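Asks: what's the 3D shape of this:
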Amino acid sequence: MSHGAGLVRTTCSSGSSFGPRAGAGQRGTSPSEGLLDQVYPRTQGAVLKVAQMVTLLIAFVCVRSSPWSGHSAFRYFEVVTICNLIMILAFYLVHLFRLYRMLTCISWPLSELLHYLIGTLLLLIASIVAASKSYNQSELVAAAIFGFVATFLCLASVWLSYKISCVTQSTDAPV
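Replies: A predicted model of the protein is given here:
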């Protein structure tokens with residue numbers, strides 16, 4: 001019996017498909033097409049990205065307002081939160097301005113998946129470290145809580161956007 005794992009993108013973040021026509025230069029075929037995707041900000045992926053950016057920004061501000069922010073654990077937390085914030089903003093802008101149609105050499109769903117997997121893991125580690133080193137300082141406790149909320153939102157984004165399946169194949173089947 002062999003086991004195989006598969007990853008299937010169930011939704012695209014932009015609400016449209018990354019298909020063969022995505023980079024074909026089919027602009028201007030309908031009035032709804034243009035530089036700005038007016039439907040994207042109302043999609044589930046966009047709302048999750050905005051919620052992630054807000055919680056990451058709040059977590060960053062909480063750490064910066066603390067007198068303990070010079071501690072190396074909190075500097076790590078600052079770097080992870082601000083880097084995740086910048087990357088999520090970049091993916092939001094890519095989908096909002098439909099840049100994935102012009103930059104077809106990049107696999108946007110794969111790059112977004114890798115960002116979320118690596119960024120979520122780093123954010124979880126940073127939040128655990130920040131929570132353990134908070135010393136009952138209200139700003140640092142709030143930063144750790146918002147870090148955990150942002151981690152949950154990033155996991156929710158991956159869970160809702162991708163379907164991870166493990167396929168079991170029988171070797172008894174005739175060939």
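
Asks: How far off centre is stretch 106-123?
Replies: The chain centroid and the centroid of stretch 106-123 are separated by 6 Å under CA atoms, centre = their mean, to the nearest Å.

Asks: Contacts only, for the residue positioned nearest the centre of the chain.
Replies: The residue lying closest to the centre of the chain (CA atoms, centre = their mean) is residue 116, at 4.3 Å. Residues near residue 116 by CB atoms under 8 Å, 6 or more residues apart in numbering: 154, 157-158. Where you see a C-beta, it was placed from the backbone N, CA and C, and this is true even at glycine.

Asks: PyMOL command for the buried members of those residues?
Replies: Applying 16 or more other CB atoms under 10 Å to the contacts of residue 116, the buried members can be selected in PyMOL as follows:
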select buried, resi 154+157+158
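
Asks: which of the contacts of residue 116 lies closest to residue 50?
Replies: Taking CB to CB as the measure, residue 157 is the one of those closest to residue 50, at 11.2 Å.

Asks: Do you know the pLDDT at the closest one?
Replies: pLDDT, residue 157: 92.

Asks: again with the one 3 residues further on
Replies: The predicted local distance difference test score for residue 160 is 85.

Asks: hey, where'd the strands end up in the protein?
Replies: With DSSP state E, the ranges of strands along the chain come out as 2-9, 162-169.

Asks: What average pLDDT does the first one get?
Replies: Spelled out, it's strand 2-9. For strand 2-9, the mean per-residue pLDDT is 55.

Asks: ranges for the helices of the protein?
Replies: 44-64, 72-96, 108-132, 138-161 (DSSP state H).

Asks: The shortest one: which residues count as buried?
Replies: When you say that, I think you mean helix 44-64. For helix 44-64, by 16+ other CB under 10 Å, it's 45-46, 48-49, 51-53, 55-60, 62-63.

Asks: cool, the third one as well?
Replies: With burial defined by 16+ other CB under 10 Å, the residues of helix 108-132 counted as buried are 108-109, 112-113, 115-116, 119-120, 122-124, 126-127, 129-131.

Asks: and which of those is nearest to residue 140?
Replies: Closest to residue 140, out of all of these and judged by CB to CB, is residue 130, at 6.3 Å.

Asks: so residue 55 sits right up against residue 148, yeah?
Replies: No. Counting by CB atoms under 8 Å, residue 55 does not reach residue 148; the two are 9.3 Å apart.

Asks: got the contact list for stretch 121-138?
Replies: Counting by CB under 8 Å, 6+ apart, 63, 66-68, 71, 73-74, 76-77, 80-81, 84, 140-141, 143-144, 147-148, 150-151, 154 sit against stretch 121-138.

Asks: how about a cut-off of 10 Å?
Replies: 52, 56, 59, 62-63, 65-69, 71-74, 76-81, 83-84, 116, 140-155 (CB atoms under 10 Å, 6 or more residues apart in numbering).
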